[in-house]
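Colleague: sequence plus predicted model, see below.
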Amino acid sequence: MQVIDTRIPDVKIIEPKVFGDKRGFFMETWNQKEFEKHVTGYPVKFVQDNHSKSNKGILRGLHFQTENTQGKLVRVVSGEVFDVAVDIRIDSPTYGEWVGVYLSAENKKQLWIPEGFAHGFYVTSNDAEFVYKCTDFYNPKSEVSIAWNDPFINIDWPIVKSPKLSEKDSLAKPLKLVLG
Ligand SMILES: Cc1cn([C@H]2C[C@H](O)[C@@H](COP(=O)(O)OP(=O)(O)O[C@H]3O[C@H](C)C(=O)[C@H](O)[C@H]3O)O2)c(=O)[nH]c1=O
(Lines give C-alpha, C1' and ligand atoms only; values in the text may rest on other atoms or scores of the structure.)
Protein backbone atom coordinates (compact mmCIF):
# COMPACT_ATOMS: atom_id res chain seq x y z
CA MET A 1 0.00 0.00 0.00
CA GLN A 2 1.01 3.61 -0.55
CA VAL A 3 0.66 6.07 2.32
CA ILE A 4 0.37 9.71 1.28
CA ASP A 5 0.89 12.63 3.63
CA THR A 6 -1.61 15.48 3.73
CA ARG A 7 -1.20 19.06 4.89
CA ILE A 8 -2.20 17.86 8.38
CA PRO A 9 0.57 15.46 9.46
CA ASP A 10 -1.61 12.95 11.30
CA VAL A 11 -4.18 12.60 8.48
CA LYS A 12 -3.06 10.09 5.85
CA ILE A 13 -4.35 9.00 2.46
CA ILE A 14 -3.93 5.27 1.86
CA GLU A 15 -3.86 3.62 -1.55
CA PRO A 16 -4.16 -0.14 -1.08
CA LYS A 17 -2.34 -2.52 -3.44
CA VAL A 18 -4.92 -3.78 -5.91
CA PHE A 19 -4.44 -7.19 -7.54
CA GLY A 20 -6.36 -7.23 -10.81
CA ASP A 21 -6.94 -10.22 -13.00
CA LYS A 22 -9.45 -11.40 -15.55
CA ARG A 23 -11.92 -12.17 -12.71
CA GLY A 24 -11.79 -8.65 -11.29
CA PHE A 25 -9.64 -7.47 -8.37
CA PHE A 26 -8.52 -8.29 -4.82
CA MET A 27 -7.14 -5.92 -2.19
CA GLU A 28 -6.48 -6.02 1.50
CA THR A 29 -8.57 -3.13 2.79
CA TRP A 30 -7.00 -3.27 6.25
CA ASN A 31 -4.07 -5.16 7.72
CA GLN A 32 -3.30 -4.35 11.35
CA LYS A 33 0.44 -4.99 11.08
CA GLU A 34 0.84 -2.91 7.90
CA PHE A 35 -1.47 -0.14 9.17
CA GLU A 36 0.35 0.28 12.48
CA LYS A 37 3.76 0.08 10.80
CA HIS A 38 3.16 2.40 7.82
CA VAL A 39 0.24 4.68 8.80
CA THR A 40 0.08 5.37 12.52
CA GLY A 41 3.32 4.06 14.01
CA TYR A 42 1.35 3.08 17.12
CA PRO A 43 -1.22 0.41 18.07
CA VAL A 44 -4.75 1.02 16.83
CA LYS A 45 -7.79 -1.03 17.81
CA PHE A 46 -10.96 -0.73 15.73
CA VAL A 47 -14.11 -1.69 17.60
CA GLN A 48 -16.95 -0.67 15.25
CA ASP A 49 -17.58 -0.82 11.51
CA ASN A 50 -20.15 1.50 9.91
CA HIS A 51 -21.83 1.58 6.50
CA SER A 52 -24.02 4.37 5.16
CA LYS A 53 -25.63 5.02 1.78
CA SER A 54 -26.44 8.54 0.62
CA ASN A 55 -27.87 10.13 -2.50
CA LYS A 56 -26.24 12.83 -4.63
CA GLY A 57 -25.94 16.18 -2.89
CA ILE A 58 -26.18 14.76 0.64
CA LEU A 59 -23.68 16.15 3.14
CA ARG A 60 -23.18 14.21 6.37
CA GLY A 61 -21.24 16.05 9.06
CA LEU A 62 -19.22 17.64 10.40
CA HIS A 63 -19.38 15.30 13.40
CA PHE A 64 -17.23 14.31 16.33
CA GLN A 65 -17.70 12.81 19.77
CA THR A 66 -16.41 14.64 22.85
CA GLU A 67 -16.20 11.33 24.74
CA ASN A 68 -15.28 7.98 23.20
CA THR A 69 -13.44 10.06 20.60
CA GLN A 70 -13.19 8.07 17.39
CA GLY A 71 -10.35 7.57 14.98
CA LYS A 72 -11.83 6.60 11.59
CA LEU A 73 -10.51 4.69 8.61
CA VAL A 74 -12.94 5.62 5.84
CA ARG A 75 -13.50 4.51 2.25
CA VAL A 76 -16.16 4.40 -0.46
CA VAL A 77 -17.36 1.12 -1.98
CA SER A 78 -19.86 2.60 -4.45
CA GLY A 79 -19.88 6.04 -6.06
CA GLU A 80 -17.80 9.01 -4.96
CA VAL A 81 -17.68 11.50 -2.08
CA PHE A 82 -15.57 14.50 -1.13
CA ASP A 83 -14.37 13.54 2.34
CA VAL A 84 -13.23 16.12 4.89
CA ALA A 85 -11.37 15.95 8.20
CA VAL A 86 -11.09 19.07 10.40
CA ASP A 87 -8.48 19.37 13.12
CA ILE A 88 -10.32 20.34 16.33
CA ARG A 89 -7.46 19.58 18.73
CA ILE A 90 -7.28 22.86 20.66
CA ASP A 91 -3.47 22.72 21.09
CA SER A 92 -2.74 21.59 17.53
CA PRO A 93 -0.68 23.87 15.26
CA THR A 94 -3.21 22.95 12.55
CA TYR A 95 -6.30 23.65 14.72
CA GLY A 96 -9.24 24.60 12.53
CA GLU A 97 -7.48 23.45 9.36
CA TRP A 98 -9.03 20.84 7.07
CA VAL A 99 -8.06 18.13 4.59
CA GLY A 100 -10.35 17.14 1.72
CA VAL A 101 -9.99 14.16 -0.62
CA TYR A 102 -12.17 12.49 -3.22
CA LEU A 103 -12.81 8.89 -2.17
CA SER A 104 -14.48 6.58 -4.68
CA ALA A 105 -15.11 2.95 -5.50
CA GLU A 106 -12.93 3.59 -8.53
CA ASN A 107 -9.88 5.15 -6.83
CA LYS A 108 -10.18 2.84 -3.79
CA LYS A 109 -8.49 5.47 -1.67
CA GLN A 110 -8.90 5.46 2.10
CA LEU A 111 -8.46 8.29 4.60
CA TRP A 112 -7.12 7.78 8.13
CA ILE A 113 -8.63 10.37 10.46
CA PRO A 114 -7.24 10.13 14.00
CA GLU A 115 -9.10 11.01 17.19
CA GLY A 116 -9.43 14.76 17.60
CA PHE A 117 -10.95 15.48 14.21
CA ALA A 118 -14.44 16.37 13.00
CA HIS A 119 -15.48 14.41 9.94
CA GLY A 120 -17.94 14.81 7.11
CA PHE A 121 -18.48 14.08 3.44
CA TYR A 122 -20.43 15.34 0.45
CA VAL A 123 -21.77 12.93 -2.16
CA THR A 124 -20.70 13.84 -5.69
CA SER A 125 -21.99 10.74 -7.51
CA ASN A 126 -25.64 9.72 -7.99
CA ASP A 127 -25.32 7.83 -4.74
CA ALA A 128 -22.49 6.57 -2.59
CA GLU A 129 -21.91 3.81 -0.07
CA PHE A 130 -19.49 4.81 2.66
CA VAL A 131 -17.87 2.28 4.97
CA TYR A 132 -15.54 2.96 7.87
CA LYS A 133 -13.88 1.56 10.95
CA CYS A 134 -13.95 3.40 14.28
CA THR A 135 -11.56 3.17 17.23
CA ASP A 136 -14.33 3.70 19.78
CA PHE A 137 -18.03 3.09 20.11
CA TYR A 138 -20.88 5.36 19.12
CA ASN A 139 -21.85 7.61 22.00
CA PRO A 140 -24.77 9.78 20.87
CA LYS A 141 -24.79 11.71 24.17
CA SER A 142 -21.35 13.05 23.31
CA GLU A 143 -21.90 13.62 19.61
CA VAL A 144 -21.45 17.18 18.32
CA SER A 145 -22.13 18.68 14.89
CA ILE A 146 -20.21 21.61 13.42
CA ALA A 147 -21.68 23.66 10.58
CA TRP A 148 -20.42 22.40 7.23
CA ASN A 149 -20.07 25.99 6.00
CA ASP A 150 -18.34 27.42 9.08
CA PRO A 151 -16.49 30.50 7.70
CA PHE A 152 -13.67 29.99 10.23
CA ILE A 153 -12.88 26.54 8.81
CA ASN A 154 -13.79 27.65 5.28
CA ILE A 155 -13.90 24.24 3.59
CA ASP A 156 -13.80 24.40 -0.20
CA TRP A 157 -16.60 21.88 -0.80
CA PRO A 158 -17.31 20.94 -4.45
CA ILE A 159 -20.90 21.99 -3.93
CA VAL A 160 -22.93 23.34 -6.80
CA LYS A 161 -26.10 24.02 -4.81
CA SER A 162 -27.13 23.81 -1.17
CA PRO A 163 -26.40 20.35 0.19
CA LYS A 164 -29.13 18.09 1.61
CA LEU A 165 -28.64 17.84 5.38
CA SER A 166 -30.15 15.93 8.28
CA GLU A 167 -32.18 17.99 10.74
CA LYS A 168 -29.31 17.73 13.20
CA ASP A 169 -26.77 18.98 10.67
CA SER A 170 -29.01 21.81 9.51
CA LEU A 171 -28.96 23.15 13.10
CA ALA A 172 -25.19 22.77 13.54
CA LYS A 173 -23.23 25.75 14.84
CA PRO A 174 -19.76 27.10 13.96
CA LEU A 175 -16.74 25.54 15.64
CA LYS A 176 -16.07 28.54 17.90
CA LEU A 177 -19.59 28.33 19.35
CA VAL A 178 -19.32 24.58 19.73
CA LEU A 179 -15.89 24.42 21.37
CA GLY A 180 -15.87 27.91 22.84
C1 LIG B 1 -23.10 7.22 13.66
C2 LIG B 1 -24.08 6.19 14.18
C3 LIG B 1 -25.44 6.34 14.01
N4 LIG B 1 -26.30 5.39 14.50
C5 LIG B 1 -27.73 5.58 14.28
C6 LIG B 1 -28.31 6.85 14.90
C7 LIG B 1 -29.38 7.27 13.94
O8 LIG B 1 -30.61 6.66 14.28
C9 LIG B 1 -28.90 6.73 12.58
C10 LIG B 1 -28.28 7.79 11.70
O11 LIG B 1 -27.32 8.47 12.48
P12 LIG B 1 -26.68 9.83 11.95
O13 LIG B 1 -27.72 10.66 11.28
O14 LIG B 1 -25.90 10.42 13.09
O15 LIG B 1 -25.67 9.28 10.82
P16 LIG B 1 -24.57 10.14 10.08
O17 LIG B 1 -25.07 11.51 9.79
O18 LIG B 1 -24.07 9.31 8.97
O19 LIG B 1 -23.42 10.28 11.17
C20 LIG B 1 -22.09 9.96 10.88
O21 LIG B 1 -21.64 10.95 10.01
C22 LIG B 1 -20.28 11.30 10.00
C23 LIG B 1 -19.82 11.34 8.58
C24 LIG B 1 -19.37 10.51 10.86
O25 LIG B 1 -18.17 10.50 10.66
C26 LIG B 1 -19.91 9.83 12.04
O27 LIG B 1 -19.53 8.47 12.03
C28 LIG B 1 -21.36 9.90 12.20
O29 LIG B 1 -21.66 11.08 12.94
O30 LIG B 1 -27.93 5.72 12.88
C31 LIG B 1 -25.86 4.27 15.17
O32 LIG B 1 -26.67 3.42 15.60
N33 LIG B 1 -24.50 4.10 15.34
C34 LIG B 1 -23.59 5.02 14.87
O35 LIG B 1 -22.37 4.81 15.04
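Modeller: Cool, got the structure.
Colleague: distance check, the closest residue to Gln2 other than its chain neighbours against Leu111.
Modeller: Spatially, and ignoring its direct neighbours in sequence, Gln2 is nearest to Glu15 (4.2 Å; C-beta to C-beta, 6 or more residues apart in numbering). All C-beta spots, glycine's among them, are computed from the backbone N, C-alpha and C. For Glu15, the distance to Leu111 (C-beta to C-beta, to the nearest Å) stands at 11 Å.
Colleague: compare those two (neighbour count), which wins?
Modeller: Legend: neighbour count by other C-beta atoms under 10 Å for Glu15 and Leu111, higher for Leu111 (25 against 14).
Colleague: what pLDDT does that one get?
Modeller: pLDDT, Leu111: 98.
Colleague: same question, the one 3 residues further on
Modeller: As predicted, Pro114 sits at a pLDDT of 98.
Colleague: ok, now which ones touch it?
Modeller: Contact analysis of Pro114 by C-beta atoms under 8 Å, 6 or more residues apart in numbering lists 10-11, 40, 71.
Colleague: as JSON lines, those residues with distance to the ligand and neighbour count would be great.
Modeller: As requested, these are arranged in JSON lines below (distance: C-beta to the nearest ligand atom, whole Å; neighbours: other C-beta atoms under 10 Å):
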{"residue": "Asp10", "distance to the ligand": "16", "neighbour count": "21"}
{"residue": "Val11", "distance to the ligand": "14", "neighbour count": "21"}
{"residue": "Thr40", "distance to the ligand": "18", "neighbour count": "16"}
{"residue": "Gly71", "distance to the ligand": "11", "neighbour count": "19"}
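Colleague: now, which of those lie within helices?
Modeller: With DSSP state H as the criterion, helices contain none of those.
Colleague: reformat the residues you listed as CSV; add distance to Lys56 and pLDDT.
Modeller: Converted to CSV, the contacts of Pro114 look like this (distance: C-beta to C-beta, whole Å; pLDDT from 0 to 100):
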residue, distance to Lys56, pLDDT
Asp10, 31, 97
Val11, 26, 98
Thr40, 33, 98
Gly71, 28, 98
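Colleague: closest to Lys161 among those residues?
Modeller: Relative to Lys161, the closest of those is Val11; by C-beta to C-beta it sits at 28.0 Å.
Colleague: average pLDDT for stretch 138-153?
Modeller: For stretch 138-153, mean pLDDT rounds to 97.
Colleague: buried stuff in that stretch?
Modeller: Within stretch 138-153, the residues that count as buried by 16 or more other C-beta atoms under 10 Å are 144-150, 153.
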